[in-house]
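In: with the sequence up front, the predicted model follows.
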There are 4 protein chains.
Amino acid sequence: MTETNHQYKSEFIVRDYECDLQGVVNNANYQHYLEHARHEFLISNGIDFVELHNKGIDLIVTRVEIEYKYPLRSRDKFFVTVDIQREGNARLVFIQDIFRVPDEKLIIRAKVTGVASKKGRPVPPGDIVEKLGL
Amino acid sequence: MTETNHQYKSEFIVRDYECDLQGVVNNANYQHYLEHARHEFLISNGIDFVELHNKGIDLIVTRVEIEYKYPLRSRDKFFVTVDIQREGNARLVFIQDIFRVPDEKLIIRAKVTGVASKKGRPVPPGDIVEKLGL
Amino acid sequence: MTETNHQYKSEFIVRDYECDLQGVVNNANYQHYLEHARHEFLISNGIDFVELHNKGIDLIVTRVEIEYKYPLRSRDKFFVTVDIQREGNARLVFIQDIFRVPDEKLIIRAKVTGVASKKGRPVPPGDIVEKLGL
Amino acid sequence: MTETNHQYKSEFIVRDYECDLQGVVNNANYQHYLEHARHEFLISNGIDFVELHNKGIDLIVTRVEIEYKYPLRSRDKFFVTVDIQREGNARLVFIQDIFRVPDEKLIIRAKVTGVASKKGRPVPPGDIVEKLGL
């Protein structure tokens, strides 16, 4: 639950256009942050989301659970963590939290489940799992 | 699980800018659809999200669970359902599904939990609950 | 400059997530509205933006000019007009205004220039021009 | 037209959700990049867009001209430049270009005109102009 001991983390700053008329980051934008951090994590392990798509393999999200703990506001700095584990044969589960910088206040907790898909059907994420050392 | 018997439903069409490089609606945009349908539902019950904000009361989402079943593509028509129930004293739970039109294919299932908040603290959603007949 | 005499118009309602912390629609979102109205206009003339992309032909915007006259707010209804003309051999020019409903208050005026492109090079928009009767 | 000699520049990386089904950054998102760079520039000169809004003074964009030269794609790095000048008594003009990194390929050229506004009426941007040394 702190900055330490995560497989990956990515740092961001809130951009004003991401805030809505309540003056805080709109709920949907946290999914954008989570997605960008996951893709950066995958790239850092040699897995390119776009290259896979161009080869006909899509990494798709099948389930998202987000607990919103505290809102981010204009210009807040924060980091997004990424930790990954397998679930069954096909599913990859990403545990992702967002912490404000520098006080490490917990902003959201998220669990994002994904599968690899080819022509709309799940395929075993063999190559991906190997690159991730899972 | 069909078009019938919902407290509210709102119809949309996918706009091309909502699709990402996989050619399908980006995951975060479903939260936009869900939010817009909830706000339309509230308005239809005499509850104005923005007016409440201007009075210092914010309706905030504390938890989101979304199961992604099937993707929407460019120009797909779909409707978003809204059903609401109370959970404990403070929480309002929105059950929201998205179905493609006209074949009623299930696209996502969502459960969105919210509370009313004043200066960052939860307040009993008394007036709101009354207007919603809960 | 009024609702009448346009080649096409499309009606919208402002969604709360499109507003930013100034409480008005964020400037970038007007480009989303303009794009969606253009694509609807093209579809109504038998031209499918996505189908063309899948055939290797992309309609791309090369220049945008927008005058912001008056802001849209939460739940405002408005329509976006589309009028098209050719400019030289390759360019298509869309004149697009946004008016609030029902008072027809002018919100923005826009001029959007586009070309058809194949593998990154402009191609004569012959088929498109024919379908549009230009 | 190069990286050098700008009053401000801000570096970004394309996030995958910013790309649309053409596989390139959606046109509207460039306005987001431009806005974020302007706000960062203003902050670097002691001018806080949100603080001004909370005091009743809004910096608003009255006109945007963008020439789209070349598209950005997934994970491209780029920087946004900001140069500012006065135009008449009330208007501030931002000249903003986007260059890809590291090859400095010109992506867009933009001219963004803004005014300071109080309760919907333009006010002389005296304090702002002073802080900017204009």
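Out: Noted; the coordinates are in hand.

In: residues contacting the spatially most central residue of chain A?
Out: Taking Cα atoms, centre = their mean as the criterion, A:L34 is the residue nearest the geometric centre of chain A, at 3.3 Å. The neighbourhood of A:L34, defined by Cβ atoms under 8 Å, 6 or more residues apart in numbering or on different chains, consists of A:80, A:94, A:96, A:98, A:110, A:112. Bear in mind the C-beta positions are built from the backbone N, C-alpha and C, glycine included.

In: closest to chain D among these?
Out: Nearest to chain D out of those is A:V80 (Cβ to the nearest Cβ; 11.9 Å).

In: A:I95 is in contact with that closest one, correct?
Out: No. A:V80 is beyond contact range of A:I95, at 11.3 Å (criterion: Cβ atoms under 8 Å).

In: tell me the confidence at A:M1?
Out: On pLDDT, A:M1 comes in at 49.

In: now do A:D127
Out: At A:D127, pLDDT is 84.

In: ditto for the one 5 residues further on
Out: Looking at A:L132, its pLDDT stands at 90.

In: can I get stretch A:29-43 in PDB, CA atoms only?
Out: In PDB, the C-alpha atoms belonging to stretch A:29-43 read as follows (Å, rounded to 0.1, in the frame of the first residue of the first chain):
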ATOM      1  CA  ASN A  29     -10.200   9.300 -16.700                       C
ATOM      2  CA  TYR A  30      -8.800   7.000 -14.000                       C
ATOM      3  CA  GLN A  31      -9.300   4.200 -16.400                       C
ATOM      4  CA  HIS A  32      -7.200   6.100 -18.900                       C
ATOM      5  CA  TYR A  33      -4.400   6.500 -16.300                       C
ATOM      6  CA  LEU A  34      -4.700   2.800 -15.500                       C
ATOM      7  CA  GLU A  35      -4.600   1.800 -19.100                       C
ATOM      8  CA  HIS A  36      -1.600   4.000 -19.900                       C
ATOM      9  CA  ALA A  37       0.400   2.600 -16.900                       C
ATOM     10  CA  ARG A  38      -0.500  -1.000 -18.000                       C
ATOM     11  CA  HIS A  39       0.700  -0.400 -21.500                       C
ATOM     12  CA  GLU A  40       4.000   1.200 -20.300                       C
ATOM     13  CA  PHE A  41       4.500  -1.800 -18.000                       C
ATOM     14  CA  LEU A  42       3.900  -4.200 -20.900                       C
ATOM     15  CA  ILE A  43       6.300  -2.300 -23.100                       C
END
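
In: which secondary structure element is home to the residue nearest to the centre of chain A?
Out: helix A:27-44 (DSSP states H and E).

In: for chain A, which segments count as helices?
Out: For chain A, the helices defined by DSSP state H cover A:27-44, A:49-54, A:126-132.

In: highest average neighbour count across those helices?
Out: Of those, the one with the most neighbours on average (mean count of other Cβ atoms under 10 Å in any protein chain shown) is helix A:27-44, at a mean of 22.

In: would you mind naming what in chain A lies close to chain C?
Out: Contact residues (Cβ under 8 Å from any Cβ of the partner chain) of chain A with chain C: A:16-17, A:19-21, A:23, A:26, A:28, A:74.

In: any idea which of the helices of chain A scores lowest on pLDDT?
Out: Looking at these, the bottom one is helix A:126-132 with a mean of 87.

In: what's in contact with it?
Out: A:45-47, A:59, A:84, A:86, A:92, A:116.

In: any of those residues buried? List them.
Out: A:47, A:59, A:84, A:92, A:116 (16 or more other Cβ atoms under 10 Å in any protein chain shown).

In: report the two of the residues you listed separated the most.
Out: A:I84 and A:A116 (13.2 Å; Cβ to Cβ).

In: so does stretch A:68-77 get close to chain D?
Out: Yes. Using Cβ under 8 Å from any Cβ, stretch A:68-77 reaches chain D at A:74-75.

In: hmm, back to that, need the helices of chain A in JSON lines (columns: distance to D:D103).
Out: Putting the helices of chain A into JSON lines (distance: least, Cβ to Cβ, whole Å) gives the following:
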{"stretch": "helix A:27-44", "distance to D:D103": "20"}
{"stretch": "helix A:49-54", "distance to D:D103": "19"}
{"stretch": "helix A:126-132", "distance to D:D103": "29"}
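
In: quick check: A:Y68 touching B:V112?
Out: No. Using Cβ under 8 Å, A:Y68 is not in contact with B:V112; the gap is 10.3 Å.

In: what touches both of the two?
Out: B:61, B:63-64.

In: and the strands in chain A, which stretches?
Out: Under the criterion DSSP state E, chain A carries strands at the ranges A:8-13, A:57-68, A:77-87, A:91-101, A:106-118, A:121-123.
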